[in-house]
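Trainee: What shape does this take:
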Amino acid sequence: MKKFRILYTLLIAATLASCDPREDREDMPAPIAASQIKFAVTQQAGYDNKVMLENQTAGVLAYWDYGIGISNKQKDTIILPFAGTYNIKFYAYSKGGPVKDSASVTVSSNDANYFANPMWNQLTNGQTGKVWVWAIDEPNGACYGNGSGGALTPEWWRVGVPDLTSWGVVNDEMTFDLNGAANFTKVSKGKTEKGFFALDTLNKTLKITGSDISNGKGIVYNIVKINNNELTVVEQGDGWRNLWLFKRKGFNY
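Mentor: Residues are numbered from 1 along each chain as shown. This next block holds a predicted model:
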């Protein structure tokens, strides 16, 4: 009986060994050598915001990362709207995986074509920046509140200096600038928040990331009034809207 048990155990072990789920796999090919990578990053003469990207490495897939965007095209043309130095990363993907290289370009000035719409300058004063504050002296007496769907000033709930003071936001300052990026800075209650903004001049909307407008709601705001001195944004509802009225710091009605 003892011999039988030993033989049975050996038989089971042999069976398990023959059913080993592991498979022999061929080794993955080695990545392409860095010395084999060839690509071109070329700026247009007289308009260095325009940059041409070209993968010149045969047999690989291209992937580009230029900081404010990406591309997976073998050849592409991009626009870098802001002045500054950009590190354009190039990844060559082969069966052995990606290999990275990069090239640096310098853009001499903000792109006048990209920022041609007057709303950009009205909001930011370009690279210099513009500071916005609550329009506390607005002629209708309220710079925050709500009203009907087409209201340009608060109609129903009307908020002025007393409430803004009690909330601690009456002295808030917001700065928009185009110095190297679409930058947004808010100073509120002794604290400074930095973020970025996206201005859609076609649909007249404003979105801020990393911060928010004074007493904001973290939404995409509709711009219903903008000029060199006044900025009114709203949360648009069905037959109603919430309104925020700001003015350029230093401007008086």
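Trainee: Now do the residue nearest the centre of the chain against residue 180, distance only.
Mentor: Nearest residue to the geometric centre of the chain (Cα atoms, centre = their mean): residue 196, 6.8 Å. For residue 196, the distance to residue 180 (Cβ to Cβ, to the nearest Å) stands at 11 Å. C-beta: built from backbone N, CA, C; applies to glycine.
Trainee: Also residue 79?
Mentor: For residue 79, the distance to residue 180 (Cβ to Cβ) stands at 15 Å.
Trainee: and what of residue 228?
Mentor: Distance of residue 228 to residue 180, computed by Cβ to Cβ: 23 Å.
Trainee: ok, the nearest residue to residue 210 once chain neighbours are set aside - contacts?
Mentor: For residue 210, ignoring the flanking residues on the chain, the nearest one in space by Cβ to Cβ, 6 or more residues apart in numbering is residue 195 at 2.7 Å. Taking Cβ atoms under 8 Å, 6 or more residues apart in numbering, we find residue 195 in contact with 183-186, 208-212.
Trainee: Can you verify my assumption that residue 228 contacts residue 124?
Mentor: No. When contacts are counted by Cβ atoms under 8 Å, residue 228 is not listed as touching residue 124 (11.2 Å).
Trainee: Now stretch 142-162: average pLDDT?
Mentor: Per-residue pLDDT over stretch 142-162 has a mean of 95.
Trainee: what's that stretch in contact with?
Mentor: With Cβ under 8 Å, 6+ apart as the test, stretch 142-162 has contacts from 134-136, 138, 140-141, 163-164, 170, 215, 224-225, 232, 236-246.
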